[in-house]
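*Asks:* need coordinates for the below:
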Amino acid sequence: MGFAELQKEVELLDTDSQKKLMGYLVSLQIRRNDEYRAQLTRQLDQPNDRWMPFDEVRQKLKNR
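*Replies:* Numbers count the residues shown, from 1 in each chain. I've put the predicted structure just below:
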């Protein structure tokens with residue numbers, strides 16, 4: 001299967017399946033590329049106002 005065919009198949013996937021595919025591709029990139037993994041780790045380690053602790057997210061979801 002060529003890349004163009006693969007792109008067409010991905011377009012046919014439902015949104016949830018596309019999200020799973022994106023996650024899979026990112027995980028491949030993390031495993032195969034040491035520099036990418038290091039860069040991602042640095043970004044995640046930086047303090048950021050947009051991130052909230054997981055416990056806070058869980059509590060907000062419970063209160064819905």
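*Asks:* so what pLDDT did Gln43 get?
*Replies:* Looking at Gln43, its pLDDT stands at 87.
*Asks:* and the contacts of the host helix or strand of it?
*Replies:* Gln43 belongs to helix 34-45 when assigned by DSSP states H and E. Residues from elsewhere that reach helix 34-45 (CB atoms under 8 Å, 6 or more residues apart in numbering): 29-31. In short, each C-beta sits where N, CA and C put it, glycine included.
*Asks:* pLDDT, neighbour count and secondary structure added to those residues, as JSON lines?
*Replies:* Shown next, in JSON lines, are those (pLDDT from 0 to 100; neighbours: other CB atoms under 10 Å; DSSP: H, G, I helix; E, B strand; the rest coil):
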{"residue": "Gln29", "pLDDT": "93", "neighbour count": "12", "secondary structure": "helix"}
{"residue": "Ile30", "pLDDT": "93", "neighbour count": "13", "secondary structure": "helix"}
{"residue": "Arg31", "pLDDT": "94", "neighbour count": "10", "secondary structure": "helix"}
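*Asks:* closest to the centroid, which residue in this protein?
*Replies:* What sits nearest the mean C-alpha location of the chain, by CA atoms, centre = their mean, is Gly23, with 4.3 Å.
*Asks:* quick one: that residue from Ile30, how far?
*Replies:* Separation of Gly23 from Ile30 (CB to CB, to the nearest Å) stands at 11 Å.
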